[in-house]
Each structure stands twice: as structure tokens, then as C-alpha cells.
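structure, please.
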Amino acid sequence: MYRLEPTASAAIAVIACAALIGAAPASGTGLWKYTTPNANDTIGIGTEIVASLEAGTSMLWKDTGGLANETCTSSEVKFKIEKDTGSGVNPQGKVFTWTVGGCSHTVDVLAPGTIEIKNIAGTTNGTVISKETRVTTKSTVFGISCVLATGVGTTLGTITGAKSSTAHATLDFNAVINKENGCGDATVTGSFIITAPTGLMVEAER
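Down below sits the predicted model:
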């Protein structure tokens, strides 16, 4: 009769455990309102999230060579949570408003797209992902138009969670976005304040 040696048995046990771990459902992300010392409140479906460019700062487009292509002094993004946590789902929703102003060239938002928020493990911060957003920029000097497109998913930047119930989370753009029309890629940076809701935190699904 064939007999498994102890080392073989141990190896099979390790493989079996690895298979079980691999089969575990993915963990999603939860949005919460800071209310400690009481339990934090869930921010769920239907919640409107508003982010405005920090006063006195600019949103800056540069080409990959570092040359500034566009500077805007105001911007506001609004979207509503349409999908919430559960079975590995991250909070996400369509952007219903994205405005820009005070720009050095002409900027038009052709399609605001959708936003998804994913927790950064071990923190109350999150990665912000843009999907199907298209923004056109047109040089007022040369008349050349380029379209920035986030496609099926482009990381826009990071939400840093609020540290109190009355504090504001922040959203820092730091993205490399593809340009259509053979214009190459662009880096987009900017510092936003999440004005609503206050006390926003991004955590792993509980």
C-alpha cells in the first residue's frame, strides 16, 4: 500500500490552504462619516460627494516632457454613489457635474464619466479611479484640440480621509491620462477639498 510521507502530506495541506485562501471573496470598500468615539456612520447609496479645487491653487495639465499645456484656477466635481459595498464591490457612481474655469485655454467636459473609490489597505484613504471621462482642451494660440480620455479606468489620485467629524477629506489629483488625436499623454495635478459630506473616510468593507 502506498503511504504518504509526512513531507508530502504537509505540502498537500499547504496547497489546500492556498486554494481556500484564493477562493475567498474579494473585499470591497466602505465610505464612512467620522463620528468617533461613537461608531462611525455608513455613507451609502444616494450620497452626493462634492469636491472643489482648493482656493488659491490651480489644476495643471502638462505633457510627458513637463511642458505646461493648461492651467485652470477653479473646478468642481459632483457625483452620487450608485453602487455600494458588498461582495467586493467598491463605491462608485456617475459624475453629474464637472466644471472647470479660469483656464489658460479652452476646456470642455465632453463626458464626465464615472468615479470609483478603492480603499488603500491599512488606512482611511482611498484611490480614485475615473472611467469613460473625456475632456477636450483647445489651444487659444494654435487652435489645436486634444481630448483627454480615462477609458476603462484611469487612476486620478488619492482621497485622504478626514480626521474629525467636522473636517474635510482631500482629493489630490496626480494622474497620467491618455490624449486622443495623437496628442500623447498628459499629467494632471490639482488639490481638491471634499466639501460634502464632511468627515469622509475610506475603509475596507467591514
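
ok, residue 84 - contacts?
With contacts defined as C-beta atoms under 8 Å, 6 or more residues apart in numbering, residue 84 is in contact with 44, 45, 91. Backbone N, C-alpha and C define where each C-beta goes, glycine included.

who wins on neighbours among those?
residue 91 (27 neighbours; other C-beta atoms under 10 Å).

in CSV: the contacts of residue 84, plus secondary structure and distance to residue 54.
Below are these laid out as CSV (DSSP: H, G, I helix; E, B strand; the rest coil; distance: C-beta to C-beta, whole Å):
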residue, secondary structure, distance to residue 54
44, coil, 27
45, coil, 28
91, coil, 23
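
just the element for the most centrally placed residue in the chain, please.
The centre of the chain sits closest to residue 128, judged by C-alpha atoms, centre = their mean, with a distance of 0.6 Å. Element membership for residue 128 (DSSP states H and E) is strand 126-131.

what average pLDDT does that strand get?
Across strand 126-131, pLDDT averages out at 96.

neighbouring strands - and their directions - for that strand?
strand 114-119 (antiparallel), strand 154-160 (antiparallel) (DSSP bridges).

of all those, which lies closest to residue 195?
The closest of the strands paired with strand 126-131 to residue 195 is strand 154-160. By C-beta to C-beta, the value is 13.1 Å.

helix or strand next in line after the closest one, which one?
Following strand 154-160 toward the C-terminus (DSSP H and E): strand 170-179.

which residues are contacting that next one?
51, 54, 59, 64, 128, 130, 146-151, 154-160, 185-194.

grab the CA positions of it and hand them over as CSV.
C-alpha atoms of strand 170-179 as CSV (Å, rounded to 0.1, in the frame of the first residue of the first chain):
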residue,chain,number,x,y,z
THR,A,170,-9.0,65.9,0.5
LEU,A,171,-8.6,64.7,-3.1
ASP,A,172,-5.2,65.1,-4.7
PHE,A,173,-5.1,64.6,-8.5
ASN,A,174,-1.9,63.0,-9.7
ALA,A,175,-2.8,61.3,-13.0
VAL,A,176,-1.3,60.3,-16.3
ILE,A,177,-4.2,60.5,-18.8
ASN,A,178,-4.2,59.4,-22.4
LYS,A,179,-4.8,62.0,-25.1
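
and residue 159, how many neighbours?
For residue 159, using other C-beta under 10 Å, the count is 27.

that one pairs with what?
residue 126, residue 171.

and it, what does it touch?
Residue 159 neighbours (C-beta under 8 Å, 6+ apart): 117, 125, 126, 127, 128, 169, 170, 171, 194, 200, 202.

same check on residue 148?
Here residue 148 is in contact with 61, 133, 134, 135, 136, 137, 177, 178, 179, 180, 186, 188 (C-beta under 8 Å, 6+ apart).

min pLDDT across the residues you listed, which one?
Lowest pLDDT among those: residue 180, 83.
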